[in-house]
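Novice: pasted the sequence and its predicted model underneath.
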Amino acid sequence: MLSVMLVNDGSGKAAALKEALAAAGVRVVAEVAANLQLADMLAAARPDVVLIDSDAPSRDMLEQVCVMGARHGQPVVMFTDDSRRDTIRAALSAGVAAYVVGSVEAARIQPLLEVAIERHQLEQARRSELASAQQQLAERKVIEKAKGLLMQMKNLDEQSAYKQLRERAMQQQKRLADVAQDIISLAEWLQS
Amino acid sequence: MKQRQHPDTPHTAANARRDFLKGALSLMASTALPAGFALPALAAPVGKPEKTEVKVGFIPLTDCASVIVASKMGFDKKYGITIVPSKEASWAAVRDKLVNGELDASHALYGMLYGVHLGVGGPKKDMAVLMTLNQNGQGITLSNQLKEKGATTGPALAKLIKAEPREYTFAQTFPTGTHAMWLYYWLAAHGVNPLTDVKTIVVPPPQMVANMRVDNMDGYCVGEPWNARAIADGIGFTVATTQQIWPDHPEKVLGTTGDWVKQNPNTARALVAALLEASRYIDDVKNRAAVAKLISDKAYVNAPEPVIEGRFLGVYEDGLGKKWQDPKLMKFFDGGKVNYPYLSDGMWFLTQHKRWGLLKADPDYLAVARQINQTAIYKDAAAMARVPVPASDMRSSKLIDGTVWDGKNPAAYAASFKIKA
């Protein structure tokens, strides 16, 4: 089983991977905040891989460990195997960078990064779903308000008010919510 | 009908005036050129840039100024490109993004590009140095605790480390980078072995001051404004400037990959020409205050303008009461003397990587420098921007320990130091 150390810095994306990694059968041996003792913590936790936010300022601290480790016989290698450039690029844009400690084969790290990328995509999808749901809700409120104004001012029933709104939207080739917003703005101006 | 002047046309008043103007112009040009420099001519006409939008990375430091100025002042447009500056969080990210092609080029540490080219601490990738962005303007800061112990100079620090042994911790910014090399060189020049007598760590530049305040770090080497900031915050003092270690040393460069240069030679020329114009603009003293204000912005260096401006203008104060106007301040242009990618500058970093064991064996120093430093591209760009270039690819400098580096016998030079890995 691979063991992973998560360094919590920057956007916190690496740390947020914890559960997903556990589900994928990876052991998280340590979750640390980046600080001056990073090298000592790494030596104590002895992970196979270190995951860190790709935009974390303290990535350069790990670089020192890479180079000094190589001098002292325990290499830490930045995982940028050229043959897997697309995976690396995807992982970096998903916000996670991986450092391989010791002699773990690069191929074994691949599934780790796939977990990170997948998780990132899920997150993105959930975020855009939430955003569109929120927008729909906001639009419905605007339409309801405009409909109410029309009913009041033109003495219409609800169905006719809605029909007029829709016709106007079609004539102006605008979205229903935009026409509704125009009506609300105009009414506010007239009443002020 | 066209009126053409023949060589044997007798002297007329108009001719005389023209000859006088020509003489005056060449006199002006010759007095403005540094010794050993000449204005280059284009080897061949330069075609259109292969790509017009150029994403250039930078790390928030005073010496990223030319990237920001080239973009903000429109020097890029003059050469048919648009520079899109991209703020990066770490040198590791800069390296990865250059290697993956996410960045076209970047404000980069000289030694880092050489390290990547030779695969120090990671995979190998052919890299390229397009130009030097600046000289000087970094420094070594020591903590107030060391000041209280009387370690206010290099020799005094060396004495203290021997007299009161403990784990002395010094930070730099990247294992193969410039600050690591300045720090190691300076410590070694005073008899301290940076690999065995003290502990060296890496800390991101904007976090240096905060880390020294809380973590009992003894000293660090970093670019401005983070040494000035330590004094302003009352937590340390400047024990040495890097221009004291090597007057007019090369510092940041414009870096990219070898592949990118091959695929985009005209864009590379346009980019260098635009940055040369920006460098010339910044080095004009009357523009410096405005540039300091520009780069202090949150989107760029994100530090208080007064902290940047002082040393940017060469006004130094060491935190021990000494004040001076430094003639070797951070330079961006200096009549073109700053920017040429001297092969001897690049080789120097290789000699130090060898000295400290980052390279196990001597590389072919000159061949590596020739592969990385794009002197031909630079000369074309210099012709476009009318910037003089030196006749030689090497320059000679005397460093703080009295040794002279002129690019000759790099292997012997690397082996010549008493303190090494």
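Specialist: That came through fine.
Novice: tell me where the model's unsure across the chain.
Specialist: If you meant another chain, say so; for now it's chain A. A:70-85, A:106 (pLDDT under 70).
Novice: that answer is for a different chain, and I need it for chain B
Specialist: Scanning chain B with the threshold set as pLDDT under 70 gives B:1-32.
Novice: tell me the centre residue of it?
Specialist: residue B:251 (2.3 Å; Cα atoms, centre = their mean).
Novice: that residue and residue B:111 touch, don't they?
Specialist: No - taking contacts as Cβ atoms under 8 Å, residue B:251 lies outside contact range of residue B:111: 10.4 Å. The C-beta positions use only the backbone N, C-alpha and C, and glycine is treated the same way.
Novice: next, show the common contact partners of these two.
Specialist: Contact criterion Cβ atoms under 8 Å, 6 or more residues apart in numbering or on different chains; residues shared by residue B:251 and residue B:111: residue B:178.
Novice: in the stretch 151-300 of chain B, which spans are helices?
Specialist: With DSSP state H, counting those that start in this stretch as the criterion, the stretch 151-300 of chain B has helices at B:154-163, B:178-189, B:208-215, B:226-232, B:242-245, B:258-263, B:265-283, B:285-295.
Novice: can I get those helices in JSON lines including distance to residue B:68 and mean neighbour count?
Specialist: As requested, those are exported to JSON lines (distance: least, Cβ to Cβ, whole Å; neighbours: other Cβ atoms under 10 Å in any protein chain shown):
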{"stretch": "helix B:154-163", "distance to residue B:68": "34", "mean neighbour count": "17"}
{"stretch": "helix B:178-189", "distance to residue B:68": "20", "mean neighbour count": "25"}
{"stretch": "helix B:208-215", "distance to residue B:68": "21", "mean neighbour count": "18"}
{"stretch": "helix B:226-232", "distance to residue B:68": "18", "mean neighbour count": "25"}
{"stretch": "helix B:242-245", "distance to residue B:68": "22", "mean neighbour count": "24"}
{"stretch": "helix B:258-263", "distance to residue B:68": "21", "mean neighbour count": "16"}
{"stretch": "helix B:265-283", "distance to residue B:68": "8", "mean neighbour count": "26"}
{"stretch": "helix B:285-295", "distance to residue B:68": "5", "mean neighbour count": "17"}
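Novice: quick one, helices of chain A?
Specialist: For chain A, applying DSSP state H gives helices covering A:18-23, A:38-45, A:59-71, A:85-93, A:106-154, A:158-172, A:176-191.
Novice: relative to helix A:106-154, how tilted is the last one?
Specialist: Direction vectors for helix A:176-191 and helix A:106-154, defined by axes from the mean of the first three to the mean of the last three Cα atoms, to 10 degrees, enclose an angle of 40 degrees.
Novice: quick check: buried residues in helix A:176-191?
Specialist: Buried residues in helix A:176-191, counted by 16 or more other Cβ atoms under 10 Å in any protein chain shown: A:176, A:177, A:179, A:180, A:181, A:183, A:184, A:187.
Novice: what sits closest to the third one if chain neighbours are left out?
Specialist: If you skip the residues right next to it in sequence, residue A:179 has residue A:169 as its closest partner in space, 4.4 Å away by Cβ to Cβ, 6 or more residues apart in numbering or on different chains.
Novice: and the one you found, what does it touch?
Specialist: Residue A:169 makes contacts with A:175, A:176, A:178, A:179, as judged by Cβ under 8 Å, 6+ apart.
Novice: quick check: domain ranges of chain A?
Specialist: In the domain annotation for chain A, the residue ranges read A:3-126, A:130-191 (automatic domain parsing).
Novice: please identify the most buried of these.
Specialist: Mean neighbours per residue, mean count of other Cβ atoms under 10 Å in any protein chain shown, is largest over those for domain A:3-126, with a mean of 19.
Novice: returning to that earlier point: of the helices of the stretch 151-300 of chain B, give the one that comes closest to chain A.
Specialist: Across the helices of the stretch 151-300 of chain B, chain A has its closest neighbour in helix B:208-215 (5.0 Å, Cβ to the nearest Cβ).
Novice: so which elements touch the closest one?
Specialist: Where contact means 3 or more Cβ pairs under 8 Å, 6 or more residues apart in numbering or on different chains; DSSP states H and E, helix B:208-215 is packed against strand B:138-143, strand B:169-172, strand B:219-223, helix B:226-232.
Novice: can you list contacts of that helix?
Specialist: Applying Cβ under 8 Å, 6+ apart, the contact partners of helix B:208-215 are A:35-36, B:141, B:143, B:171, B:203, B:217, B:219-220, B:222, B:226, B:229-230, B:233, B:235-236.
Novice: and the direction of that helix versus that of strand B:138-143, what angle?
Specialist: 20 degrees.
Novice: chain center to helix B:208-215: distance?
Specialist: Helix B:208-215 sits 25 Å away from the centroid of its parent chain (Cα atoms, centre = their mean, to the nearest Å).
Novice: what do you get for stretch B:369-380?
Specialist: 16 Å.
Novice: in that stretch, what's buried?
Specialist: For stretch B:369-380, by 16+ other Cβ under 10 Å, it's B:369, B:372, B:373, B:374, B:375, B:377, B:378, B:379, B:380.
Novice: what's the answer for stretch B:386-394, then?
Specialist: Taking 16+ other Cβ under 10 Å as the criterion, stretch B:386-394 shows B:387, B:388, B:389, B:390, B:393, B:394 as buried.
Novice: so which of the helices of the stretch 151-300 of chain B is nearest residue B:401?
Specialist: Ranking the helices of the stretch 151-300 of chain B by proximity to residue B:401 (Cβ to Cβ) places helix B:178-189 first, at 4.2 Å.
Novice: what does stretch B:282-299 rub up against?
Specialist: By Cβ under 8 Å, 6+ apart, the list of residues contacting stretch B:282-299 reads B:62, B:64-66, B:68-69, B:72, B:87, B:281, B:300-305, B:308-309, B:312-313, B:331-334, B:338.
Novice: now the buried members of these.
Specialist: Among the contacts of stretch B:282-299, those that count as buried by neighbour count (16+ other Cβ under 10 Å) are B:62, B:64-66, B:68-69, B:72, B:281, B:300-301, B:303, B:305, B:308-309, B:312-313, B:331-334, B:338.
Novice: out of these, list just those in helices.
Specialist: Filtering the buried ones among the contacts of stretch B:282-299 for helices - DSSP H - leaves B:65, B:66, B:68, B:69, B:72, B:281, B:305, B:308, B:309, B:312.
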